[in-house]
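[1] I would like the atomic coordinates for the input below:
(2 chains)
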There are 2 protein chains.
Amino acid sequence: MKITANNPEKRSWLHIEKNCDFPIQNIPFGVFLTNEDITTIGTRIGNYAIDLAALHQLGYFEGIPLTDDMFMQDSLNDFISDGQTTWRLVRNRIADIFDDKNNKLKENKKHREKVIFDIDEIEMLLPVDIGDFTDFYSSKNHAMNVVSMFGNALTPNWLHMPLAYHGRSSSIVVSGKKIRRPKGQTFPKGEKSPVFGPSKLVDFELEMGFITTDANKLGKSIDINETDAYIFGMVLLNDWSARDIQKWESEPLGPFLAKSFATTISPWIVTMDALEPFRVESPEQDPKPLEYLQQEGKNSYDIKLVASIKPKKQKRTVVSKTNYKYNYWTMGQQLAHQTVNGCNVRSGDLYGSGTNSGSKEGTYGSMLELTMAGSKPIKLNDGTERKFINDGDTVILKGYCKNKNVRIGFGECKSRLRKAK
Amino acid sequence: MKITANNPEKRSWLHIEKNCDFPIQNIPFGVFLTNEDITTIGTRIGNYAIDLAALHQLGYFEGIPLTDDMFMQDSLNDFISDGQTTWRLVRNRIADIFDDKNNKLKENKKHREKVIFDIDEIEMLLPVDIGDFTDFYSSKNHAMNVVSMFGNALTPNWLHMPLAYHGRSSSIVVSGKKIRRPKGQTFPKGEKSPVFGPSKLVDFELEMGFITTDANKLGKSIDINETDAYIFGMVLLNDWSARDIQKWESEPLGPFLAKSFATTISPWIVTMDALEPFRVESPEQDPKPLEYLQQEGKNSYDIKLVASIKPKKQKRTVVSKTNYKYNYWTMGQQLAHQTVNGCNVRSGDLYGSGTNSGSKEGTYGSMLELTMAGSKPIKLNDGTERKFINDGDTVILKGYCKNKNVRIGFGECKSRLRKAK
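    Take a look at the predicted model:
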């Protein structure tokens, strides 16, 4: 089916500011609470949130096979479960409804009042009910930075498969929710035994996440050439990390409480269809991976990523600029690897890319790397310094794709760190 | 509230065989499919499955505040979410309905036909919708066996906290479901690079799991002295493991695909209330753990555990006999640790104990330990030998508590391993 919604010539009758992340070519999906306390599934165009349940009830999706309550839900799981054809039909139709050549909704004031909300009037919620969360470790730059900092080398498996660990689903929150500095066990230098207290080294990790549909039954694998059909879209993801807790707990079972206190994601899921024009080749892989991980063509995406820190009542300072395309392992490889043992993938599952780091200073996706484990503090615009994240700081991730025709963005993924309690 | 259901003098008007795991003092909770294809929440007495939705509809829970559809669900999550008072009221009432001094249901044939099913007529389903699965590593014997086999020592953190990793929720199946030998990457001795194919070292892990209710909001910890109120009950758990995949992938992020191909749990959740008479002290802890992990009194349970292997068309052979009480870390310590960083725990979450191993030969909870990594094969009753689990083998876990008055059991947790596909 043709993705007509991507037509770069298309203009909307809704006002869209220049450099907005959400032109009519984006049409992401999310869940929001209206000013009347109703939870609904929606999209965003410019600074307007569009209530898809209202559009559906008013008949604007006529001809598309959708259950009556498809958009009257508190998560996108059922919609995502319906599969790629449904996503495309709905996204194409939305682009059509808001096309400036289409007067139907544009000239129906009553309908417009039911469907269109100012973005400031609504509250974004978590877009999916996340069954399982896997966090990969797919940036070679990041992995090299981390291991060399502690005088180590990459483990020999790193170049042969996209390494990952299972994450915690319950503590994933949507952008805007404040999180709390975790307490836990650490074993600082100079102590004779572990101590308990608030983490002193809270860090962000600049990641992207992708969200799947129901893909396979338990016991069956997904062929790498078929993975595209099972990926619905992407979000920004901050994999909050407590480095001192992580250091003490991680051997031999991997990160646990150092990560499970919070993970923040951006509220609008940008579809793979919208990102299609921004496909690029992924880095060359040497050694060549095993056959189940081999793929051809352009399997990465040119997504510019920016991380900033905003101290309380101060302006933000950009601390990192990088790109998703630097990742060594692609989403297709990650999904093929995840399922090669027969593990089943469900609608609403979240897969983190791992920290996105470039190869140069200022392109690293965590404070651990940016400050060389705290040895080279970063200066913020307000004159203060940061080794890691302070109480009251807000970490803001942004991401967008841009070519000469169009800009497709993810909005923001932000969370303020509150002091330990 | 008094747990009247535990009265050891109580007898049921339903026939219960000697040494049955499910006397009237047990009253576990599960979900089953009736012979009319209706999914319902139920309990088990003797060899009878009791439809709690039908009992509720017929008014047998009058006076207990329950929503109308509380038991017309495909998971126990809502019931568990209702909390300890509801669990006790319902369990006490069930014990009363089936008490041989109570004629109400006993003498109402029409009601009995709607409520009581022969256990062979119904199909057990997964009892909970598992949001998050954490697998602990809390048997010191098991940990010592594993590390010493490879010439290592316990990592220094082991004695200071209950180590764990996040597991995969999607691939948890109920007893009786066949599972498939996983394929994956391994790096066998003598090879120059990793190879792909079916795992050659599929193992079981004899574990118990506990299931929680909604316990805390994100950012708040649970005090160790309050953990009891948040644990609904326990199941048997087989943490299937592919040792060759595990060996190659686990550093530095812990086990991933070596575990995520399948986890089997027993269908009936035995409540902590039913297990109350079997509380015992846990092993002494040296060094003394940090304050948030300190507790007094009897915090473990005397649960006898048995693992058997049954080759296709052959009888089973018992390969391990051990006890849950040998675990170094208790459920209370596990839950306090899980939440000390503010991680939120929800209704239906599953927490595995880790492999239960005793200190003597024949009490180890995995083939890895029982056969010394395959170097000392086990002889089965049919004359064949096992280093690990063969295609066609069924692994059966059993568990029960017994004192002079009563036996409270878990039934079986079994799965057949099918050949790789």
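[2] Stretch A:328-343 spans what distance, first to last residue?
    When the termini of stretch A:328-343 are compared using CA to CA, to the nearest Å, they are 23 Å apart.
[3] Within range of chain B, give me the residues from the stretch 1-150 of chain A.
    A:131-132, A:137 (CB under 8 Å from any CB of the partner chain). Where C-beta positions appear, they are placed from N, C-alpha and C, glycine not excepted.
[4] Considering those residues, which possesses the most neighbours?
    By neighbour count, taken as other CB atoms under 10 Å in any protein chain shown, the most surrounded of the residues of the stretch 1-150 of chain A next to chain B turns out to be A:Asp132 (28 neighbours).
[5] how about that one, what does it touch?
    With contact set as CB atoms under 8 Å, 6 or more residues apart in numbering or on different chains, A:Asp132 has these partners: A:166, A:169, A:345-346, A:349-350, B:168-170.
[6] now, which of these sits nearest B:Leu76?
    Compare each of the contacts of A:Asp132 with B:Leu76 using CB to CB and the shortest gap goes to B:Ser169, at 15.3 Å.
[7] Where strands are concerned, which of the residues of the stretch 1-150 of chain A next to chain B count?
    For the residues of the stretch 1-150 of chain A next to chain B, membership in strands holds for none, with DSSP state E as the criterion.
[8] Doesn't A:Lys110 lie inside a helix?
    Yes: according to DSSP: H, G, I helix; E, B strand; the rest coil, A:Lys110 belongs to a helix.
[9] Specify the local secondary structure of A:Lys177.
    Secondary structure, three-state DSSP: A:Lys177 is coil.
[10] what is the nearest residue to A:Gly365 once chain neighbours are set aside paired to in the beta sheet?
    Nearest non-adjacent residue to A:Gly365, counting by CB to CB, 6 or more residues apart in numbering or on different chains: A:Leu206, 3.5 Å away. Applying DSSP bridges to A:Leu206 gives these bridge partners: A:Asn238.
[11] just curious, which of the residues of the stretch 1-150 of chain A next to chain B is nearest to A:Val395?
    For A:Val395, the closest of the residues of the stretch 1-150 of chain A next to chain B turns out to be A:Tyr137, at 20.0 Å, with distances computed as CB to CB.
[12] hmm, back to that, residues in contact with the residue nearest to A:Gly365?
    Applying CB under 8 Å, 6+ apart as the definition, the contact partners of A:Leu206 turn out to be A:238, A:305, A:307, A:320, A:322, A:355-356, A:365-366, A:397.
[13] Quick one: the residues of the stretch 1-150 of chain A next to chain B as TSV, columns for pLDDT too.
    TSV is the format used below for these (pLDDT from 0 to 100):
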residue	pLDDT
A:Gly131	98
A:Asp132	98
A:Tyr137	97
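[14] among those, which are in helices?
    Secondary structure of those is defined by DSSP state H; no position falls in helices.
[15] May I see the ChimeraX selection of the buried members of the contacts of A:Leu206?
    One line in ChimeraX is enough to select the buried ones among the contacts of A:Leu206; burial here means 16 or more other CB atoms under 10 Å in any protein chain shown:
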select /A:238,305,307,320,322,355,356,365,366,397
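[16] among the contacts of A:Leu206, which two are most distant?
    Of all pairs drawn from those, the one with the largest separation by CB to CB is A:Asn238 and A:Thr322; the distance is 13.9 Å.
[17] would you list every one of the strands in the stretch 251-400 of chain A?
    For the stretch 251-400 of chain A, the strands defined by DSSP state E, counting those that start in this stretch occupy A:263-265, A:270-271, A:279-280, A:300-301, A:304-310, A:317-323, A:350-352, A:378-379, A:385-386, A:394-402.
[18] Direction included, what does whatever helix or strand comes next after the last one pair against?
    For strand A:394-402, the following helix or strand on the C-terminal side (DSSP states H and E) is strand A:407-418. With DSSP bridges as the criterion, the sheet partners recorded for strand A:407-418 are strand A:179-180 (parallel), strand A:394-402 (antiparallel).
[19] Can you mark which positions in strand A:407-418 are buried?
    Those buried within strand A:407-418 under the rule 16+ other CB under 10 Å are A:407-417.
[20] possible to save the strands paired with strand A:407-418 as TSV with distance to B:Ala215?
    Rendered in TSV, the data for the strands paired with strand A:407-418 read as follows (distance: least, CB to CB, whole Å):
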stretch	distance to B:Ala215
strand A:179-180	16
strand A:394-402	28
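[21] Throw those into JSON lines and include mean pLDDT and distance to A:His142, thanks.
    JSON lines is the format used below for the strands paired with strand A:407-418 (pLDDT from 0 to 100; distance: least, CB to CB, whole Å):
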{"stretch": "strand A:179-180", "mean pLDDT": "98", "distance to A:His142": "22"}
{"stretch": "strand A:394-402", "mean pLDDT": "98", "distance to A:His142": "15"}
